[in-house]
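K.L.:
Need coordinates for the below:
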Amino acid sequence: QVQLVESGGGLVQAGDSLRLSCVASGGIFSNYVMGWFRQAPGKEREFVASISWSGGRTDYADSVKGRFTISRINDKNTVWLQMNSLKPEDTAVYYCAADRGLRVWPPSTYVRWGQGTQVTVSS
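P.N.:
Numbering: from 1, shown residues only. Next up is the predicted model:
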């Protein structure tokens, strides 16, 4: 089964940019819809962005549209989340996730999760 490891989080100021990475191992990466989610303290985990197995389709939460970009390179088993114009309300632990690998869009459920990477945006 696929395993996911995120990196790239950190402490930045409002207006700055960060790029998160998620490297997958095991499984056939090119079969998976990949997603990014986040969870702020005291809040439910929420969807941020997703990308289809080929990269041809993407979806974003309204709160990040125009500021965040999800991308992937299957030969590198990697998916990225480029985050621009960061706001304090973007502060959260960000998680990478993979669906069942059935090449279904939109994905029905995500079944594999990374350990998360902390993003903190100061005002």
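K.L.:
And what about the spatially most central residue of the chain, helix, strand or coil?
P.N.:
In the chain, the centroid-proximal residue (CA atoms, centre = their mean) is residue 36; its distance is 2.3 Å. Under DSSP: H, G, I helix; E, B strand; the rest coil, the three-state class of residue 36 is strand.
K.L.:
Am I right that it is in contact with residue 46?
P.N.:
No: using CB atoms under 8 Å, residue 36 makes no contact with residue 46, being 10.2 Å away. For every residue, glycine as well, the C-beta is placed using N, CA and C.
K.L.:
burial of the closest residue to the residue nearest to the centre of the chain other than its chain neighbours, as a residue count?
P.N.:
Spatial nearest neighbour of residue 36, chain neighbours left out: residue 48 (4.3 Å); criterion: CB to CB, 6 or more residues apart in numbering. Using other CB atoms under 10 Å, residue 48 has 23 neighbouring residues.
K.L.:
I'd like the distance between residue 48 and residue 28.
P.N.:
24 Å (CB to CB, to the nearest Å).
K.L.:
Over to residue 87?
P.N.:
36 Å.
K.L.:
and residue 102, how many neighbours?
P.N.:
Applying other CB under 10 Å, we find 12 residues neighbouring residue 102.
K.L.:
actually residue 88, not the one I wrote
P.N.:
Counted with other CB under 10 Å, residues neighbouring residue 88 total 11.
K.L.:
Against residue 117, how distant is it?
P.N.:
Relative to residue 117, residue 88 is positioned 18 Å away (CB to CB).
K.L.:
ditto for residue 4
P.N.:
Distance from residue 4 to residue 117, counting by CB to CB: 11 Å.
K.L.:
for residue 10, same thing?
P.N.:
Distance, residue 10 to residue 117, using CB to CB: 8 Å.
K.L.:
quick one: which of these two has more around it?
P.N.:
Neighbours of residue 10 and residue 117, each counted by other CB under 10 Å, are more numerous for residue 117; the result is 22 against 13.
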